[in-house]
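J.: What shape does this take:
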Amino acid sequence: MFRRARESDLPAIIAMLADDALGSGREAISDPIDERYTAAFAAIDSDRNQLLAVAVDDRDDPVGCLQLTFIPGLSRTGMWRGQIESVRIASAERGSGLGTRFIEWAIEACRERGCKLVQLTSDKARSDSIRFYEKLGFTASHEGMKLSL
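T.: This is a model prediction of the structure:
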């Protein structure tokens, strides 16, 4: 099952974000939760064009997460886009098909919001993730760039 994330899901979400070579150097696992996460959650949760979602197991514990951003635009005759970010599946669930179902759910959520295109980025070091997205029909049609501030 997939649902909107709750603030109480933050420890599990942060743990999933930190559970790989790239994330372990970027995330802050702490108790209590770093206030930057709670502030970010509040901003995301209050914005109607943001959806922080979790995949949950039969106990309603998060085992996957992703963030959807619904982006209005003028190009392509005012087309809306869906942006998928921060996709993670708990290591124990990888290979179970959960990731495929979660992305398909996210695409459908974008379709329901009137988006005509869904986009995402994946770090070039995540070759398995890139192959996964390509299997789902995503193509590397553009060159992405970032500038750290």
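
J.: Put the alpha carbons of stretch 39-52 into PDB.
T.: Once side chains and other backbone atoms are set aside, the C-alpha atoms of stretch 39-52 remain, and they are given as PDB (Å, rounded to 0.1, in the frame of the first residue of the first chain):
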ATOM      1  CA  ALA A  39      11.200  21.800   8.900                       C
ATOM      2  CA  ALA A  40      11.500  20.300   5.400                       C
ATOM      3  CA  PHE A  41       8.600  17.900   6.200                       C
ATOM      4  CA  ALA A  42       6.400  20.800   7.300                       C
ATOM      5  CA  ALA A  43       7.100  22.700   4.100                       C
ATOM      6  CA  ILE A  44       6.500  19.700   1.900                       C
ATOM      7  CA  ASP A  45       3.300  18.700   3.700                       C
ATOM      8  CA  SER A  46       1.800  22.200   3.500                       C
ATOM      9  CA  ASP A  47       2.400  22.600  -0.300                       C
ATOM     10  CA  ARG A  48      -0.400  21.300  -2.500                       C
ATOM     11  CA  ASN A  49       2.100  20.600  -5.300                       C
ATOM     12  CA  GLN A  50       4.200  18.300  -3.200                       C
ATOM     13  CA  LEU A  51       3.500  14.800  -2.100                       C
ATOM     14  CA  LEU A  52       5.900  12.900   0.100                       C
END
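
J.: got a list of contacts for it?
T.: 4-5, 7, 10, 13, 65-72, 109 (Cβ atoms under 8 Å, 6 or more residues apart in numbering). Placement of C-beta: from N, CA and C, glycine included.

J.: what do you get for stretch 59-71?
T.: Under the contact criterion Cβ under 8 Å, 6+ apart, stretch 59-71 has outside partners 5, 9, 12-13, 16-17, 44, 49-57, 80-90, 92-93, 98-99, 102-103, 106, 109-110, 113, 115.

J.: ok, now stretch 3-17?
T.: Under Cβ under 8 Å, 6+ apart, the answer for stretch 3-17 is 23, 26-29, 31, 33, 37-38, 41, 45, 51-54, 56, 61-62, 64-65, 86, 88-90.
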